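K.L.:
Sharing a model prediction with you, sequence too.
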Amino acid sequence: MNDKVDKLVIFLAKRDGIDKLVKTFQYVSKLVHYKIEKSHPDYAGRAKQWEVAAGLSRKAFRSGRFLTGFNTLRRSPGHTPGYRLLAVLANAGEMVYFFFDHFLWLSRIGVLDARLARRMSFVSAFGESFGYVFFIIADLIMIGDGIREERRIGDGDGKAVGKIRAERVMRLMGVAANENNVKAHIYEIMIIDTQPYIVKAVIHGIITLLNGWGGYNRCIDTV
């Protein structure tokens with residue numbers, strides 16, 4: 001249970017904290033750019049450069065990340081047919097996102113044709129939105145299972161009840177983070193070229209920051 005794929009996934013997972021930090025740089029600089037674009041255009045330009053650099057850095061950090069979903073399906077696909085189906089759909093969407101994100105990054109830095117960037121952005125954003133819908137469904141089902149188990153146990157086993165409640169909190173945080181992720185990508189897919197800059201900068205930036213730090217405790221919980 002510790003082959004080369006497992007070791008590679010563990011190695012790649014060590015970058016998650018850095019990704020959260022650089023994500024914060026990226027979207028804070030996006031919001032700063034919007035705020036001072038008219039009053040201080042020179043500094044706004046610098047903020048924009050910081051945003052672009054942080055975004056490209058994040059994509060480099062996430063190289064090979066699609067293997068995480070593959071390894072999850074390989075090692076723990078779920079204990080019932082229903083959970084296995086949800087796991088396949090959720091992880092498949094996330095794998096599409098991270099896999100095509102490689103091509104988006106390469107097109108934006110000039111290795112591939114820059115015209116591919118728009119198409120790769122759409123495919124990766126759609127894949128992640130699709131996958132996270134099923135992550136949300138799975139978490140909600142597990143929360144319901146936990147509530148039923150807690151009622152069955154009653155007050156007889158305080159330790160078991162405490163564990164169920166702690167897991168429920170983590171899953172609720174996961175649902176909130178994943179919901180924000182879906183919203184961010186819906187904005188990216190549907191209105192990125194049709195709405196004024198304030199929509200892209202403010203709404204997308206705030207949602208993405210909430211998503212990033214909403215997932216922070218989930219990362220800490222797995223360390």
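P.N.:
Thanks, I have it.

K.L.:
The helix or strand hosting N180 - contacts with which helices or strands?
P.N.:
According to DSSP states H and E, N180 maps onto helix 158-190. Packing partners of helix 158-190 (3 or more CB pairs under 8 Å, 6 or more residues apart in numbering; DSSP states H and E): helix 116-153, helix 204-214, helix 216-222. Placement of C-beta: from N, CA and C, glycine included.

K.L.:
can you pull the contacts of the residue nearest to L116 when sequence neighbours are not counted?
P.N.:
Of all residues not flanking L116 in the chain, S107 sits nearest, at 4.3 Å (CB to CB, 6 or more residues apart in numbering). With contacts defined as CB atoms under 8 Å, 6 or more residues apart in numbering, S107 is in contact with 113-117, 120.

K.L.:
looking at the residues you listed, which has the most residues close by?
P.N.:
M120 (20 neighbours; other CB atoms under 10 Å).

K.L.:
quick one: contacts for the residue nearest to that one when sequence neighbours are not counted?
P.N.:
Leaving aside its chain neighbours, M120 sits nearest to L104 (3.9 Å; criterion: CB to CB, 6+ apart). Contact analysis of L104 by CB under 8 Å, 6+ apart lists 59, 116-117, 120-121, 124.

K.L.:
give me the element the nearest residue to S57 once chain neighbours are set aside is part of.
P.N.:
Distance criterion CB to CB, 6+ apart; nearest residue to S57, sequence neighbours excluded, is V22 at 5.4 Å. If you go by DSSP H and E, V22 is part of helix 16-36.

K.L.:
What is the distance between that helix and the centre of its chain?
P.N.:
15 Å (CA atoms, centre = their mean, to the nearest Å).

K.L.:
cool, and stretch 107-118?
P.N.:
Mean-position distance between stretch 107-118 and its chain equals 22 Å (CA atoms, centre = their mean).

K.L.:
got the contact list for M95?
P.N.:
By CB under 8 Å, 6+ apart, the residues touching M95 are 66, 69-70, 127, 131.

K.L.:
at 6 Å instead, please
P.N.:
66, 69 (CB atoms under 6 Å, 6 or more residues apart in numbering).

K.L.:
For the residue nearest to Y132 when sequence neighbours are not counted, give its distance to D16.
P.N.:
Excluding its sequence neighbours, the residue lying closest to Y132 (CB to CB, 6+ apart) is N178, at 4.4 Å. Using CB to CB, to the nearest Å, N178 is found at 16 Å from D16.

K.L.:
Neighbour count for these two, which is higher?
P.N.:
More neighbours surround N178 than the other of N178 and D16, with 25 against 20 (other CB under 10 Å).

K.L.:
what residues are up against that one?
P.N.:
By CB under 6 Å, 6+ apart, the neighbours of N178 are 132, 135-136.

K.L.:
quick one: which of those residues is nearest R168?
P.N.:
Of all these, I136 has the smallest distance to R168: 14.6 Å, by CB to CB.

K.L.:
can you count the residues close to T68?
P.N.:
Neighbour number of T68 under other CB under 10 Å is 20.

K.L.:
actually D6, not the one I wrote
P.N.:
14.

K.L.:
leaving aside the residues next to it on the chain, what's closest to it?
P.N.:
N71 is the one closest to D6 (CB to CB, 6+ apart), at 6.6 Å.

K.L.:
element containing that neighbour, please.
P.N.:
With DSSP H and E as criterion, N71 is part of helix 66-75.
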